[in-house]
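S.K.: sequence below, structure please.
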Amino acid sequence: MIKIAFDVMGSDKGSKVALEAGLKFLSTHDDLELVFYGDETEIKAHLFALKKYKVDPVRYSIVPTNEVIDVHGSILDVRRKKDASIVRALEAVKNNSVDAMLTGGPSAAFIAGAQIIIGNLPGVKRSGFMPTIPSNVDDKVLLLLDAGANLENSPEELLQYAQMATVYSRSVNKIEKPLVGLMNIGEEEGKGKELQKEAYKLLSADKSINFYGNLEPRELLVGKVDVLVTDGFSGNIALKTAEGAAKSIFREVKNQAKKSIFRKMALVGMIPTFKAIAKKFDYKNHAGAILLGINGIVFKSHGSSDVRSFEATLRMTYQAVKNEVLVNLVEGMDKQNHDQEN
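M.R.: Reported below is the predicted structural model:
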């Protein structure tokens, strides 16, 4: 039985949305148990209101907490608020009482808490956010990191991101030799700042990585590579640009359709196509990101997550546990450290 800690406090839409996602996901996964962390009275009231899902109560439990770190909180609250739901859920991962955790709480507290409470994998310099992004190629996704856990990264950190993402891609996406790209302003080897130039050399020299070379941000969604590494500042901008562009395109389609009855009529036959495209590129269906490099499986969902977004993050967390991502990462990074020493 897979056991996941779910911090249902701290997100923008409140705990009921998170709890509904949890119950919906439980109803389709018989090998899963969820542990809800948060205000016990509030959680019980919402669970009663959501009894239509008819999930056996033995499939979930509540760990009551009396504090919350919300978006206005400080990273110092990780130490100050020892009974905060996000802190207690991270401690559960550290103590091995659960297999993984997820939260929709504030990113700064989540990152600080994961590093302070759990710590990085042995030898890993910095952890990074790694979301999953859809592509134009059917059933192919892109793993992007770092997507905002750090403002700056070193070439050595980008190398480690590529190594860890390669292991993750093999474990979860079942790709034997994931193709790894380096985000840059041009495809030529000499492009970019010193970070990109040095990272290119390291990635090219590492035989454990199937290195593609440089990839421009405009090709983020075309499916050329399986993994794309970059510094956290650039990665976060690229991710949010892609999310915003997708929403803007579909908004423009609606606006153009309103300008003519003939356009509306022509679009009627295309409705199934547009719905399929919208579903594929809707960020809510890919709302979670693992903090890769932490010595535990910990996921962050968007602070504005709705039921669908939390379900998507639950699915990613569940798949990471089921595919033994942490075991494979530990083994993979141990091998890297051993090879470097020799």
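S.K.: isn't Asp206 right next to Ala162, touching?
M.R.: Yes - contact criterion C-beta atoms under 8 Å: Asp206 and Ala162 qualify, at 7.4 Å. From N, CA and C alone the C-beta is placed, and that goes for glycine too.
S.K.: the helices in the stretch 51-200 of the chain, which residues?
M.R.: Taking DSSP state H, counting those that start in this stretch, the helices of the stretch 51-200 of the chain run over residues 77-80, 85-94, 107-113, 155-172, 194-205.
S.K.: just name the most buried of those.
M.R.: Highest mean neighbour count of the helices of the stretch 51-200 of the chain: helix 85-94, a mean of 25 (counted as mean count of other C-beta atoms under 10 Å).
S.K.: can you list contacts of it?
M.R.: Helix 85-94 has contacts (C-beta atoms under 8 Å, 6 or more residues apart in numbering) with 5-10, 35, 37-38, 63, 65, 67-69, 78, 81, 98, 100-101, 103, 105, 109-110, 113-114, 117-118, 296-298.
S.K.: make it 7 Å
M.R.: 5, 7, 9-10, 35, 37-38, 63, 65, 68-69, 78, 81, 98, 100-101, 103, 105, 109-110, 113-114, 117-118, 296, 298 (C-beta atoms under 7 Å, 6 or more residues apart in numbering).
S.K.: point out where the stretch 201-342 of the chain drops to low pLDDT.
M.R.: Under the criterion pLDDT under 70, the flagged ranges of the stretch 201-342 of the chain are 253, 257, 262-271, 273-286, 337-342.
S.K.: meant to ask about the stretch 1-150 of the chain
M.R.: In the predicted model, the stretch 1-150 of the chain carries no residue with pLDDT under 70.
S.K.: hmm, back to that, now, the contacts of helix 85-94 that are in strands?
M.R.: Of those, the ones assigned to strands by DSSP state E are Ala5, Asp7, Val35, Tyr37, Gly38, Val63, Ala100, Met101, Thr103, Val298.
S.K.: hang on, the earlier thing: quick one: closest of the helices of the stretch 51-200 of the chain to Asn255.
M.R.: helix 107-113 (32.7 Å; C-beta to C-beta).
S.K.: tell me the angle whichever helix in the chain runs longest makes with helix 155-172.
M.R.: Ordering each helix of the chain by length in residues (DSSP state H) puts helix 232-257 first. Using axes from the mean of the first three to the mean of the last three C-alpha atoms, to 10 degrees, the inter-axis angle of helix 232-257 relative to helix 155-172 is 60 degrees.
S.K.: show me which residues of helix 232-257 are buried.
M.R.: Residues Gly232, Ser234, Gly235, Asn236, Ala238, Leu239, Ala242, Glu243, Ala246, Ala257 are the ones in helix 232-257 that count as buried (16 or more other C-beta atoms under 10 Å).
S.K.: isn't the fifth one right up against Pro217?
M.R.: Put plainly, it is Ala238. Yes - counting by C-beta atoms under 7 Å, Ala238 does reach Pro217; the two are 5.1 Å apart.
S.K.: ok, back up a step: now do the longest helix of the chain: which elements does it pack against?
M.R.: Packed against helix 232-257 by the contact rule (3 or more C-beta pairs under 7 Å, 6 or more residues apart in numbering; DSSP states H and E) you find strand 128-134, strand 141-145, helix 261-268, helix 271-281.
S.K.: quick one: that helix to chain centroid distance?
M.R.: Distance of helix 232-257 from its chain centroid, counting by C-alpha atoms, centre = their mean, to the nearest Å, is 18 Å.
S.K.: for stretch 315-332, same thing?
M.R.: Here stretch 315-332 is found 13 Å from its chain centre; the criterion is C-alpha atoms, centre = their mean.
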